[in-house]
Each structure stands twice: as structure tokens, then as C-alpha cells.
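> need coordinates for the following:
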Amino acid sequence: MRHRVSHRRLGRTTEHRLAMLRNQASALLRHEHLVTTVPRAKELRPFVERLITLAKRGVADGESAKTLHARRLVMQDLQDREVVRKLFATIAPRFSSRPGGYTRLLRLGFRRGDAADLAQVELVGREYSPESASEEEAKNMTPTPKAKGVGGRLRAAAGRLRGRSEGDEPTATKSDKLASGGARASKKSAAGKSSGSRKKKT
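Next comes the predicted model:
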């Protein structure tokens, strides 16, 4: 029995488990959310929160020697310099007044295929970003022209699905190209028939 034994083994050797946690931690800090299985997510949370706490200590002290020491401690687990830079520049100051609990775990249900219990790990406060809020305000301020008729509404819906804005000019779709190609082919066949009938007459 494994009473009072910390950490889950996750069916891996120690080296493999640490490499997986380091990769997931760098992905979580880069994108601020991550979808994985529930046991991995529960192992990832304390791993990432320890890194954020180290970064907070280095930023709070303000001394260059202590900041450098904290950065070196973090870089033992995170080899990506851009992620470390983001951790010290934006993430650690964001949690300066929060005494722990920097991540949140949301259960997503079961994965198709192997029915593994999935969860999303995300940083607290990720749901609000000033950039996305300003983009949404700008989108709400600009009026979009209403599409006329059923065809216009269908084209607008297809443009939204493809990620094109409604004001853009629609490009020729594959069906349009096929239709124009079919019209050309029918013209060529009609021209061939007329020339064939002329040859038969002579």
C-alpha cells in the first residue's frame, strides 16, 4: 500500500515524468491554458505554482542578485527563455497580491477513444485580457451590413465559418470554378459537334 506517498507515478520513470511535467508547464505558461487528463493536471498544478512562487520572490525583492538567482532556479525546469521572460515580466506581477492558488482545474468530461477523464488547467485571471476586451468593443462599434436574401445570408455564414469578415469580397469558390469549368467544357463540346457535322457534309 502506498500510504502517505506523495506524487503520482503516472506509469512513467522519474526522468520521463519530470520531462513531461516540464513540457506541460512551459506550454501552460506560454498559452495560459492546457487540456490534459485529470491525474496529469493534478500533478501539474503544484509544479507550476512552485515556479510562479519562485518568480514572485525574485520580482518582489527587486535586487538584481536575487532576481538572477530566482531566474536560474526557474530555468532548471523551464528551458524556453521566452516562457521564462513572460513568467517574470507578466505572470509573476499579476499574482503579486495573491498568496497561492494561481491555477484552476476544470473537468471537461471523457475523451472519445479511451474514455480518459479530461481536465483543463488554466491560470487564474486568464478570462480577462485588455486586448480581447478592446477588440470586442471595436467589433461592437462597427456596424455590419445586413446580407440581402437567402443567398447573401448563406454566403455571410460561410464567410464566418471560414474566418473571413463580412465586408470582404467573396472569392471564387470551388463550386463556382467547377461550374465555370463545366460551362467551358459544354461550349467546347458544342463547338466540336458543329465542326464534326461540317466535316461529314464535305
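> pull up the gap between residue 124 and residue 34, please.
Residue 124 sits at a distance of 14 Å from residue 34 (criterion: Cβ to Cβ, to the nearest Å). For glycine as for every other residue, the C-beta is placed from the backbone atoms N, C-alpha and C.
> who has more neighbours out of those two?
Relative neighbour count places residue 34 above the other of residue 124 and residue 34, with 21 against 13, counting by other Cβ atoms under 10 Å.
> beta-bridge partners for the more buried one, please?
The residues listed as beta-bridge partners of residue 34 by DSSP bridges are residue 121.
> if I look at it, how far off is residue 79?
Applying Cβ to Cβ, the value for residue 34 to residue 79 is 18 Å.
> again, but for residue 18
Between residue 18 and residue 79 the computed distance is 12 Å (Cβ to Cβ).
> which residues do these two both contact?
Overlap between the contact sets of residue 18 and residue 79, as judged by Cβ atoms under 8 Å, 6 or more residues apart in numbering, is nil.
> quick check, central residue of this structure?
The geometric centre of the chain, computed from its C-alpha atoms, lies nearest to residue 31 (Cα atoms, centre = their mean), at 6.8 Å.
> show the model's pLDDT score for that residue.
For residue 31, the model assigns a pLDDT of 93.
> do residue 195 as well
With respect to pLDDT, residue 195 has a value of 56.
> show me where the chain has strands.
In the chain, strands defined by DSSP state E lie at 33-37, 103-110, 117-123, listed in chain order.
> so where do the helices sit in the chain?
Taking DSSP state H as the test, the helices found in the chain are 14-31, 38-61, 64-75, 81-86, 92-94, 130-141, 149-162, 174-201.
> packing partners for the shortest one?
Right, the one you point to is helix 92-94. In terms of contacts (3 or more Cβ pairs under 8 Å, 6 or more residues apart in numbering; DSSP states H and E), helix 92-94 is packed against helix 38-61.
> quick one: list the elements packing against the helix it packs on.
helix 14-31, strand 33-37, helix 64-75, helix 92-94, strand 103-110, strand 117-123.
> just the angle between the first one and strand 103-110, please?
Right, helix 14-31. Using axes from the mean of the first three to the mean of the last three Cα atoms, to 10 degrees, the interaxial angle of helix 14-31 with respect to strand 103-110 works out to 100 degrees.
> buried ones in helix 14-31?
17, 20-22, 24-29 (16 or more other Cβ atoms under 10 Å).
> likewise for the second one?
Counting neighbours by 16+ other Cβ under 10 Å, one finds that the buried residues in strand 33-37 are 34, 36.
> related to what we said a few turns ago, tell me which of the strands of the chain lies nearest to residue 68.
Between residue 68 and the strands of the chain, the tightest spacing by Cβ to Cβ is seen for strand 117-123, at 24.5 Å.
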